[in-house]
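A.B. asks: With the input below, show me the fold.
(chains A and B)
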Amino acid sequence: MYNILICDDEKDIVNALKIYLSDMNYTLLEAYTGKEALNVVSRREVHLILMDIMMPEMDGISAMVKIREQNNVPIILLTAKGEDTDKILGLNIGADDYITKPFHPVEVAARVKSQLRRYMQLGGGEVKPQMLCIGGIELDDKAKSVTLDGDELALTPTEYDILKLLMENSDRVFSPKEIYKRVWLDAPLGNESTVAVHIRHLREKIEINPADPRYLKVVWGQGYKMEKGKWK
Amino acid sequence: MEMKKRQWTHGLPAKIFAFFLLTIMACLTVGSAAGASLLMNHNFYTKSINEIKEDTFYSVGHNVSYTILRKVLSEDVQNMAEYCRNRNLSAVISDKDGRTVWSNYSGEEVAWKFEYNYSEDNTFYGTVKEVRIFIATEKDETTSKKVERLMEGDASEEDISSIEEYTVQMYLKDGFPNQSEFSAVNLLVNIGFALRYWIYPIGILALLLTVGSFVFLICNAGHKAGQEGIHASEVVRIPFDLLTLILILAVSLAVNVTEDFMYRDYPDAIVIANLAAEFMIGLIVGTFYCMNFAVRVKLGSWWRNTVIYKLLVLFARIGKIIGWGLSVLLRNLTFIWKAAILVFVITLAELLGIMICYWETDNLIILWILEKIILIPVILYVTLVLHRLQKGSQAIAKGDLSYQVDTRFMLWDFKQHGENLNSIGSGMTHAVEDRLKSERFKTELITNVSHDIKTPLTSIINYADLICKEETENEKVTEYAGVLLRQSERLKKLIENLVEASKASTGNIDVHLTPCEVGVLLTQTAGEYEQRLRDSNLELIIKQQSDPVMILADGRHIWRVFDNLMNNICKYAQSGTRVYLNVEEKGREVVIAFKNTSKYPLDISTEELLERFVRGDSSRTMDGNGLGLSIAQSLTELQNGNLELTVDADLFKVILRFKNIR
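C.D. replies: Take a look at the predicted model:
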């Protein structure tokens, strides 16, 4: 049983989120301003916070800064401000994830689940030997298995090889040609687009929103990389 | 007390008294100065009174001895005795051999004894010849000729042989009778000797009083008893320099008259009286002149009432009028006319110079060099100014509107031109700034409004989704909710595109250009769109060179361009056709072409396709929003590229051009 705090000044949105998250066996707490959120956090144990940015009395960013002073609880920002600068600001100040409005309910549920698993079950980064680990993705080379936030992923052998290559060299950009050479062990003859297709499939499997990937990033005009970045 | 004093000093009697004091003390000052110098010359400070008297009596006695000799030689002895008696003296006259010629000396004791020697050599006392001449002229008219001869030094043998020498011995007793030369001299010497030390303090005191009364008069000039302020007399109305001129003329006239007196043999008394009168008049006139000047100074701006000042003012006024006229004329002349006049004047000057120095070629060369010395700096100045103006206009033409032409050292038309350029710059800068501000404002408005729209939209999407999932008997409810969901998703996309389009078209977006390999980009695009193309039953054919082609672009923005274009293709390409993606290097450009066959007839122009959202045409009835192409174009331009649309019947072509950086 996890306590999830939903904080948004729009009552309808809070209600909708409660409906979506209700069938997942969470205790749902509500707050309508940043101050209320701070109150709830001080009174009760909270395992995850969904927080809007633009709110009366105290905005989400200030509330988050206050909470972060003494609490490591995962915070997912939920906001209509979709610009890159807003996202970067939120993540730098202490958010764990960022969902832009209007959001897809399924996406919210998935992200909540992902954050809770990482926070509660995996305990934030105990790495077993022979395990490659980036964020919620764990690759066990002996078992040839990959898990995402604890869930086993069904990858094809090629997808597995590509993911392994990228995870072994995280933050390095591989061009499609290079990936082809390293995975297929053959010279590409104008068929690098196969790599791109595989990458897309891989992204669909490991990312909650493939159009806005967290792990497997596309560097347009150069190649692909697994971003360790903030997932250290 | 103070008031009373002022009134007393302003009164006429005080002034008159002061004036008299000034006059007397000035005379006294001059007199003591003259006396002091006289005393000094006669050794009054080094010798005793008897010695002084001896000296002076000897001098005076010379005249007397002359008279005695004359009288004796003219045998006027009767007169002679009386003459001696009157002066209380005795005399012995002897010739050159020591024989006594005449004597009335009885051998008694006397106070002073003088000897005068009359000979041809002793010119100091006069010669006997002169004495004889004097006698001759007095008594005998016929000897006048002889006298003339003697006077001219044209002496004959007979005359020379008759040259005689006489010695006059004079015995002077104390107790001079009145009216004798000696009694007057005696008195003067006595007074002089008594006053010989007193004369200095007296002189200094007189000088101080003179200066004091002068200062008093100057200070009180123009004041009247019982009245405030300065009261000018009529004389003040006369221009000061005119007054001065009149006085100078008067003084020079007086000096001329005096010189006349000096050179003619007027009696001493008349000369002295004349000098004294002149001194007095000069003193009075000078004092009045100074007082007059003082009044003028007190009235302020004394120089205003002068002929010179008035003339200068007049000239200045005339000069001003002429200058004004010339400047009006010059200002209203066009630049061409000014240049023409200048050239005409220079030519005229040259012609004049040539005419003057026609026969003197050396001078002509000097004149030519002089002209060049004057003209070269002028030409250089004009060139420099033109260069500056050119630089300014070039900068403004290039878009540097903040450029300011330095007009400090520019003159006339150049300055005006420079200032015009500056005001163009600042005017344009203002316009551009205003436009940028309003564009930024527009973008901000759109962004903020979109934030506000997104919140209710979130609820609409979520609840429509919830209705869809709700199990109901009425299938229509699910169907309608599905429409709601679909349309609200479209609205969401539209809002996102709107914000992006507004940012992209105003350039309000960060662009980080990095080298991008076009081949990789195409591969990635093909990979991303593989599924969707297959869904739309389209075949993608990529044609590119074997060498990698590099361009400078921002990865995320160029992907957005490709994404939008591919999205359009998936939506609007005729199912079952091929889509071509070509990359070519054309010189220094990289050309990327997207070609597809349209599903619908393309009966709108390419401009309308690109700008239909902006222009609000009726042609956006087609599915989807028309922003995709517009965003693609703006983003391409932000990355220094160029997007071109071509429509040829059903063939739809988008051509991107970027600079080749390989």
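A.B. asks: Identify the residues contacting stretch B:567-586?
C.D. replies: Here stretch B:567-586 makes contact (C-beta atoms under 8 Å, 6 or more residues apart in numbering or on different chains) with B:518-519, B:522, B:525-526, B:529, B:532-533, B:535-545, B:549, B:590-600, B:622-624, B:628-629, B:650, B:652, B:660, B:662. Yep, even glycine has a C-beta here, placed from its N, CA and C like the rest.
A.B. asks: One more: stretch B:24-32?
C.D. replies: B:199-200, B:202-203, B:206-207, B:209-210, B:213, B:279-280, B:283.
A.B. asks: Nearest to chain A, out of those residues: which one, please.
C.D. replies: residue B:213 (96.2 Å; C-beta to the nearest C-beta).
A.B. asks: before we move on, back to that, among the contacts of stretch B:24-32, which ones are in helices?
C.D. replies: B:199-200, B:202-203, B:206-207, B:209-210, B:213, B:279-280, B:283 (DSSP state H).
A.B. asks: Enumerate the strands of the chain by residue range, in sequence order.
C.D. replies: No chain was given, so I picked chain A. For chain A, the strands defined by DSSP state E occupy A:2-7, A:26-31, A:48-52, A:75-79, A:97-100, A:131-134, A:137-140, A:145-148, A:151-153, A:216-219, A:223-226.
A.B. asks: should've been chain B
C.D. replies: Taking DSSP E to define them, one finds strands in chain B at B:89-95, B:100-103, B:112-118, B:166-172, B:514-517, B:539-543, B:550-553, B:578-586, B:589-597, B:642-648, B:651-659.
A.B. asks: So what pairs up with residue B:89 in the strands?
C.D. replies: On the basis of DSSP bridges, residue B:89 is bridged to residue B:172.
A.B. asks: What are the neighbouring residues in contact with it?
C.D. replies: B:64, B:170-173.
A.B. asks: Which of those ranks first by neighbour count?
C.D. replies: Within the contacts of residue B:89, residue B:170 tops the neighbour count with 25 neighbours, counted by other C-beta atoms under 10 Å in any protein chain shown.
A.B. asks: and the closest residue to that residue other than its chain neighbours, what is it in contact with?
C.D. replies: Spatial nearest neighbour of residue B:170, excluding adjacent residues (C-beta to C-beta, 6 or more residues apart in numbering or on different chains): residue B:114 at 4.7 Å. Residue B:114 sits next to B:57-58, B:61, B:65, B:169-170, B:172 when contact means C-beta under 8 Å, 6+ apart.
A.B. asks: Settle this for me: residue B:186 is touching residue B:176, isn't it.
C.D. replies: Yes: applying C-beta atoms under 8 Å, one finds residue B:186 in contact with residue B:176, separated by 5.7 Å.
A.B. asks: Name all residues that make contact with residue A:201.
C.D. replies: A:156, A:159.
A.B. asks: Go through chain A and flag its longest helix.
C.D. replies: Using DSSP H to define each element, chain A has its longest helix at helix A:193-206.
A.B. asks: where does chain A have low pLDDT?
C.D. replies: By pLDDT under 70, the low-scoring segments of chain A are A:121-130, A:229-232.
A.B. asks: how far away is the residue in it that chain B sits nearest to from residue B:639?
C.D. replies: At 1.9 Å from chain B, residue A:196 is the closest residue in chain A, using C-beta to the nearest C-beta. To residue B:639, residue A:196 is 22 Å away according to C-beta to C-beta, to the nearest Å.
A.B. asks: Residue B:187 too?
C.D. replies: Relative to residue B:639, residue B:187 is positioned 129 Å away (C-beta to C-beta).
A.B. asks: How is chain B divided into domains?
C.D. replies: Following the assignment in automatic domain parsing, chain B carries domains at B:46-195, B:333-394, B:431-508, B:510-659.
A.B. asks: Name the residues of chain A found near chain B, please.
C.D. replies: A:10, A:12-13, A:16-17, A:19-20, A:54, A:80-83, A:101-105, A:175-177, A:192-200, A:218-223 (C-beta under 8 Å from any C-beta of the partner chain).
A.B. asks: distance from the centroid: which residue in the chain tops it?
C.D. replies: All of this is about chain A. residue A:189 (35.7 Å; C-alpha atoms, centre = their mean).
A.B. asks: oops, chain B please
C.D. replies: Distance from the C-alpha centroid of chain B peaks at residue B:473, with 102.8 Å (C-alpha atoms, centre = their mean).
A.B. asks: Make CSV from the strands of chain B and add mean pLDDT and distance to residue B:392 to it.
C.D. replies: Converted to CSV, these look like this (pLDDT from 0 to 100; distance: least, C-beta to C-beta, whole Å):
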stretch, mean pLDDT, distance to residue B:392
strand B:89-95, 81, 111
strand B:100-103, 78, 118
strand B:112-118, 79, 105
strand B:166-172, 80, 109
strand B:514-517, 89, 37
strand B:539-543, 89, 51
strand B:550-553, 90, 33
strand B:578-586, 90, 38
strand B:589-597, 91, 35
strand B:642-648, 87, 32
strand B:651-659, 91, 31
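A.B. asks: now the helices: where do they sit in chain A?
C.D. replies: A:11-22, A:34-43, A:60-68, A:84-93, A:105-116, A:157-168, A:176-184, A:193-206.
A.B. asks: tell me the angle the longest helix of chain A makes with helix A:176-184.
C.D. replies: Relative orientation of helix A:193-206 versus helix A:176-184 (axes from the mean of the first three to the mean of the last three C-alpha atoms, to 10 degrees): 80 degrees.
A.B. asks: for helix A:193-206, which positions count as buried?
C.D. replies: Counting neighbours by 16 or more other C-beta atoms under 10 Å in any protein chain shown, one finds that the buried residues in helix A:193-206 are A:193-203, A:205-206.
A.B. asks: circling back: can the strands of chain B go into CSV with extra columns for distance to residue B:298?
C.D. replies: Conversion of the strands of chain B to CSV gives the following (distance: least, C-beta to C-beta, whole Å):
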stretch, distance to residue B:298
strand B:89-95, 65
strand B:100-103, 75
strand B:112-118, 63
strand B:166-172, 63
strand B:514-517, 89
strand B:539-543, 108
strand B:550-553, 88
strand B:578-586, 97
strand B:589-597, 92
strand B:642-648, 88
strand B:651-659, 88
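A.B. asks: Which one of the ones you listed lies nearest to residue B:42?
C.D. replies: With C-beta to C-beta as the measure, strand B:112-118 is the member of the strands of chain B nearest residue B:42 (16.8 Å).
A.B. asks: ok so, going back, list only buried entries from the contacts of stretch B:24-32.
C.D. replies: B:199, B:202-203, B:206-207, B:209-210, B:213, B:283.
A.B. asks: Using a markdown table, please lay out those together with distance to residue A:67 and pLDDT.
C.D. replies: Putting the buried ones among the contacts of stretch B:24-32 into a markdown table (distance: C-beta to C-beta, whole Å; pLDDT from 0 to 100) gives the following:
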| residue | distance to residue A:67 | pLDDT |
| --- | --- | --- |
| B:199 | 116 | 85 |
| B:202 | 114 | 88 |
| B:203 | 111 | 89 |
| B:206 | 110 | 89 |
| B:207 | 106 | 90 |
| B:209 | 107 | 90 |
| B:210 | 106 | 89 |
| B:213 | 104 | 88 |
| B:283 | 111 | 83 |
